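Trainee: One predicted model, sequence on top.
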Amino acid sequence: MGRVMEIVEETPYRFRIDPRDDMRVPGIAFVSRALLPDSGADKWLEQVANVATLPGIVDASYAMPDAHWGYGFPIGGVAATAVEEGGVVSPGGVGFDISCGVRLYAADLTRDELAPLKAALMDGLGEATPRGMGTGAVWKLAGRDELEDVLMGGSRYAVQEGHGTQRDLDRCEDFGAVADADARQISDRAMERGLHQLGSLGSGNHFLEVQAVESVHDEAAASAFGLRVGQICVMIHCGSRGLGHQICTDHVKTMESAMPSYGISVPDRQLACVPVRSPEGASYLGAMAAAANYARANRQLLGEATRRVFSRVTGRSLELVYDISHNLAKLETHGGRELCVHRKGATRALPPGHGDLPADLAPHGQPVLIPGSMGTASYVLRGVVGGAAFASTCHGAGRLLSRHQAIKTVDGTALQARLESAGIAIRGASPRGLAEETPEAYKDVDEVVAVAEGAGLATRVARLVPVGVVKG
DNA sequence: ATGTAC
């Protein structure tokens, strides 16, 4: 399980790995004793230390409370590099599922009002949501030219084509699309994979979930976000499908061969990286931005399909609370310097008053959407003044068992029966897919979120519980 | 996460 790391407890919610060997900065993990492996030997802690060796990294290599082992970087990792000081960009710091993220809708409907319609709603959502490893998708794109429009315009293009409203875009990170997308940096293979998957959930931990607001922790913020106790919500968690995956694969390969020419060596080949200010760095960031726009359009399309079903079955509407990604690198200004902030399984959490927030949300801070594991709670948090890790927080419960271990632990069919008897409707999930996502395979989301709040990364706004789930 | 390996 990797070498034993020496950990210094700075506070009950902040642990430090001091620089050693080639580390340029310390590692900082925002965890509790309960979330830290007993022996200090866990592969993700070693990964935190490895990331600290990257050229140009500033302040620290950070781990969020839900951190666990990932490709090169830990999932739940945050690292920023100084762009004008040789700072690098690494696809491993973004992840294979570029701009994977979450969107949350609030319904004009209570849990009690839904009860007699729940089965019909879940049936409708099950039928309307393409999912799994196949190629079914909501939007049949006209061809590569239209795919390029999506890659450049993200949710804005989807709305322009009639798939949503301006109000939706007001509640999206980056108002629906990131700048500087460059479709020319995407291989033919990645384009082909993206052509037939726009408006599809995928598999793994991706899901569409009908939820109910169980409790509100911050009345003012909840009200501004459009949330109240007893209300029905819909959460959609998905990403950039095969397109993002192929882009990551392509650019890791390119960087592996380019790295020596920049004199960069890394302790793990999965940390392949190049300077942000290099042809390969610019190429990756352009392709990554295009994949991010694809992921946003993907969530917009699935949201529109959800709205149609919701309206038909319940006669009620869905208002977007927010859409935020948790796998992305962004060029941001912090402390007067331009930084390339990698967030991998970590969520941006802008503080109250931040200029990138829409006016109605600005007094309260950015909504942070935390999907729990299947059958457990999810949370809405908000960003705080004086946060840490470049205004970042956790992204979910965080895995405890590998998919392989999870399958050995539970039987998918039995798990489905258990969830259904707990009042959680399941549609479309394969037994194996369910077993991989069993709650026992994840950390306790309540503990993760409590630590995020204790560490001063974000504060709780509302806790949501599952009513029904559509999975791949 | 992923046409679960090119």
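Mentor: Thanks, I have it.

Trainee: Neighbours of residue A:323, how many?
Mentor: 26 (other C-beta atoms under 10 Å). (Each C-beta comes from the backbone N, C-alpha and C, glycine too.)

Trainee: What segments of the stretch 351-472 of chain A are strands?
Mentor: A:367-370, A:378-382, A:392-393, A:425-427, A:459-471 (DSSP state E, counting those that start in this stretch).

Trainee: tell me the mean pLDDT over the fourth one?
Mentor: Put plainly, it is strand A:425-427. Per-residue pLDDT over strand A:425-427 has a mean of 96.

Trainee: now that strand: how far from the chain's centre is it?
Mentor: Offset of strand A:425-427 from its chain centre (C-alpha atoms, centre = their mean, to the nearest Å): 23 Å.

Trainee: Which helix or strand contains the residue in the stretch 1-150 of chain A that DNA strand B sits nearest to?
Mentor: Proximity of the stretch 1-150 of chain A to DNA strand B (C-beta to the nearest atom of the strand) peaks at residue A:96, 3.4 Å away. Under the criterion DSSP states H and E, no helix or strand holds residue A:96.

Trainee: Contacts only, for whatever residue of the stretch 351-472 of chain A ends up closest to DNA strand B.
Mentor: Nearest residue of the stretch 351-472 of chain A to DNA strand B (C-beta to the nearest atom of the strand) works out as residue A:472 at 6.4 Å. By C-beta atoms under 8 Å, 6 or more residues apart in numbering, residue A:472 lies in contact with A:131-133, A:201-204, A:206-207, A:428-430, A:433.

Trainee: so how far is residue A:91 from the most centrally placed residue in chain A?
Mentor: The centre of chain A sits closest to residue A:326, judged by C-alpha atoms, centre = their mean, with a distance of 2.9 Å. Using C-beta to C-beta, to the nearest Å, residue A:326 is found at 16 Å from residue A:91.

Trainee: next one: residue A:404
Mentor: 24 Å.

Trainee: more crowded one of those two?
Mentor: Just comparing residue A:404 and residue A:91: by other C-beta under 10 Å the higher neighbour count belongs to residue A:91, 31 against 9.

Trainee: So that one is in contact with residue A:246, correct?
Mentor: No: shown here, residue A:91 and residue A:246 do not form a contact pair, counting by C-beta atoms under 8 Å, at 11.7 Å.

Trainee: re the thing from before, give me the pLDDT for the residue of the stretch 1-150 of chain A closest to DNA strand B.
Mentor: 98.

Trainee: swap in residue A:340?
Mentor: 98.

Trainee: quick one: contacts for it?
Mentor: By C-beta under 8 Å, 6+ apart, the contact set of residue A:340 is A:80, A:81, A:83, A:87, A:88, A:89, A:276, A:329, A:330, A:331.

Trainee: let's go with 6 Å and repeat that
Mentor: A:81, A:83, A:87, A:89, A:276, A:329, A:331 (C-beta atoms under 6 Å, 6 or more residues apart in numbering).

Trainee: Around the last one, how many other residues sit close by?
Mentor: Right, residue A:331. 14.

Trainee: in the sheet, who's paired with the closest residue to residue A:93 other than its chain neighbours?
Mentor: Spatially, and ignoring its direct neighbours in sequence, residue A:93 is nearest to residue A:342 (3.2 Å; C-beta to C-beta, 6 or more residues apart in numbering). For residue A:342, the beta-bridge partners under DSSP bridges are residue A:79, residue A:329.

Trainee: what's the distance between residue A:342 and residue A:75?
Mentor: Relative to residue A:75, and taking C-beta to C-beta, residue A:342 is found at 12 Å.

Trainee: Repeat that for residue A:338.
Mentor: Distance from residue A:338 to residue A:75, by C-beta to C-beta: 26 Å.

Trainee: Tell me which of those two has more neighbours.
Mentor: residue A:75 (24 against 16).

Trainee: Might you report the residue contacts of that one?
Mentor: A:68, A:345.

Trainee: returning to what we had before: I'd like the strands of the stretch 351-472 of chain A as TSV, with mean neighbour count appended.
Mentor: Formatted as TSV, these follow (neighbours: other C-beta atoms under 10 Å):
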stretch	mean neighbour count
strand A:367-370	28
strand A:378-382	27
strand A:392-393	32
strand A:425-427	20
strand A:459-471	24
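
Trainee: for these, which one sits closest to residue A:234?
Mentor: Of all those, strand A:459-471 sits nearest to residue A:234, with 9.6 Å by C-beta to C-beta.

Trainee: Identify the residues contacting that closest one?
Mentor: Here strand A:459-471 has contacts from A:122, A:125-126, A:129, A:207-218, A:221-222, A:227, A:233, A:377-382, A:384, A:424-429, A:433, A:453, using C-beta under 6 Å, 6+ apart.

Trainee: Among those, which are located in helices?
Mentor: Counted as lying in helices by DSSP state H, out of the contacts of strand A:459-471, are A:122, A:125, A:126, A:221, A:222, A:433, A:453.

Trainee: just the residues of the stretch 201-350 of chain A that are near DNA strand B, which are they?
Mentor: A:202, A:203, A:204, A:205, A:206, A:238, A:239, A:241, A:242, A:245, A:246, A:249 (C-beta under 7 Å from any atom of the strand).

Trainee: hmm, try it at 6 Å
Mentor: A:202, A:203, A:204, A:205, A:206, A:239, A:241, A:242, A:245 (C-beta under 6 Å from any atom of the strand).

Trainee: Show the pLDDT at residue A:1.
Mentor: The model's pLDDT for residue A:1 equals 50.

Trainee: Check the burial of residue A:72 by counting its neighbours.
Mentor: There are 23 residues near residue A:72, going by other C-beta under 10 Å.

Trainee: again, but for residue A:162
Mentor: 8.

Trainee: Am I right that it is in a helix?
Mentor: No: using DSSP: H, G, I helix; E, B strand; the rest coil, the assignment for residue A:162 is coil, not a helix.

Trainee: Please tell me how far it sits from residue A:300.
Mentor: From residue A:162 to residue A:300 the distance is 11 Å (C-beta to C-beta).

Trainee: do residue A:96 as well
Mentor: Relative to residue A:300, residue A:96 is positioned 21 Å away (C-beta to C-beta).

Trainee: More neighbours: those two, which one.
Mentor: A direct count of neighbours by other C-beta under 10 Å for residue A:96 and residue A:300 places residue A:300 higher, at 31 against 20.
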